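# coordinates only, sequence not included:
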Ligand SMILES: [Mg+2]
């Protein structure tokens, strides 16, 4: 069992781990303050595609948590970076890249921030970037299908089938990916958010740390904990989100630590 005090980087999921709806979860502000006091590196790693990094920062700030923009990595941001980096990997370069977007305005903002162009014309698109789109409809599906059938590569911003919101679950990115896959006959070329290795590499770049010095804390086994495992981080599951104690026994994905809330981490690091 790794020593929980002995990491240099502490990475946190947001929803269900740091906050729930409009409130911080118990022990969170004190835990983050104690880690900052000990000069630990903190990152917030979210699979959201409906908020920009700046909007995540503002959301945390409103709840009384100060953070640096570089401490926040979202799936929409990582997807925009992925598309910008296409140039470096010898894929179609940025000047040629035209992205047809299924998603909310946050995804367009992140693409713009990275200097990646988007298009409304499916026949001009080199990529179809898919995130959660609360206005997804028949016409958008038709356009995305047309783009992919015309040779555009589908990029999924994350592999989340649904997303927990206050007392409910709503369809997420993967539901739209599957609709486009069914109509185009093509699977996504890349899946960007947690648990991908690409997202892990972006987190480590932001953190400037080797993977074995980092602990990933999150509330979902199939994203947060699997993400930690495939990227070589130690992992801690908090039971303040979507996972119950019974779920753990039935899953092939096993965390190093299980905490009922962040207060357990706090009691160890104080
Ligand atoms: Mg979560």
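Everything's here; your move. Note that the structure is a prediction, hence the values are computed from the model and not measured. Residues are numbered from 1 along each chain as shown.

# just the helices in the stretch 51-200 of the chain please.
For the stretch 51-200 of the chain, helices defined by DSSP state H, counting those that start in this stretch occupy the ranges 53-62, 75-85, 105-113, 138-149, 173-184, 197-207.

# Columns mean neighbour count, mean pLDDT and distance to residue 221 on top of those helices, output as TSV?
Where you see a C-beta, it was placed from the backbone N, CA and C, and this is true even at glycine. Output for the helices of the stretch 51-200 of the chain, formatted as TSV (neighbours: other CB atoms under 10 Å; pLDDT from 0 to 100; distance: least, CB to CB, whole Å):
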stretch	mean neighbour count	mean pLDDT	distance to residue 221
helix 53-62	17	98	23
helix 75-85	26	96	18
helix 105-113	20	98	26
helix 138-149	18	98	30
helix 173-184	20	98	16
helix 197-207	19	93	16
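
# can you list those helices in a markdown table and add distance to residue 20?
Putting these into a markdown table (distance: least, CB to CB, whole Å) gives the following:
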| stretch | distance to residue 20 |
| --- | --- |
| helix 53-62 | 12 |
| helix 75-85 | 19 |
| helix 105-113 | 20 |
| helix 138-149 | 31 |
| helix 173-184 | 21 |
| helix 197-207 | 23 |
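
# Can you tell me which of those helices is nearest to residue 4?
For residue 4, the closest of those is helix 197-207, at 17.4 Å, according to CB to CB.

# What's the first helix or strand after that closest one?
Using DSSP states H and E, the helix or strand that follows helix 197-207 towards the C-terminus is strand 214-218.

# so does that following strand get close to the ion?
No: contact between strand 214-218 and the ion is absent, the nearest approach being 5.7 Å (criterion: CB under 5 Å from the ion).

# Show me what that strand pairs with in its sheet, parallel or antiparallel.
Sheet neighbours of strand 214-218, with direction, are listed as strand 9-12 (parallel), strand 234-238 (parallel) (DSSP bridges).

# Where does pLDDT dip in this protein?
Confidence mapping of the chain against pLDDT under 70 gives the ranges 87-95.

# middle-most residue in it, spatially?
Among the residues of the chain, the smallest C-alpha distance to the mean C-alpha position (CA atoms, centre = their mean) belongs to residue 47, namely 2.1 Å.

# tell me the contacts of that one?
Applying CB atoms under 8 Å, 6 or more residues apart in numbering to residue 47 gives the contacts 74-75, 157-158, 160, 193-194, 223.

# one step back: take the strands paired with strand 214-218 and lay them out in CSV including distance to the ion and mean neighbour count.
What follows is those, written out as CSV (distance: least, CB to the ion, whole Å; neighbours: other CB atoms under 10 Å):
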stretch, distance to the ion, mean neighbour count
strand 9-12, 9, 25
strand 234-238, 9, 26
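
# Out of those, which gets nearest to residue 270?
With CB to CB as the measure, strand 9-12 is the member of the strands paired with strand 214-218 nearest residue 270 (14.2 Å).
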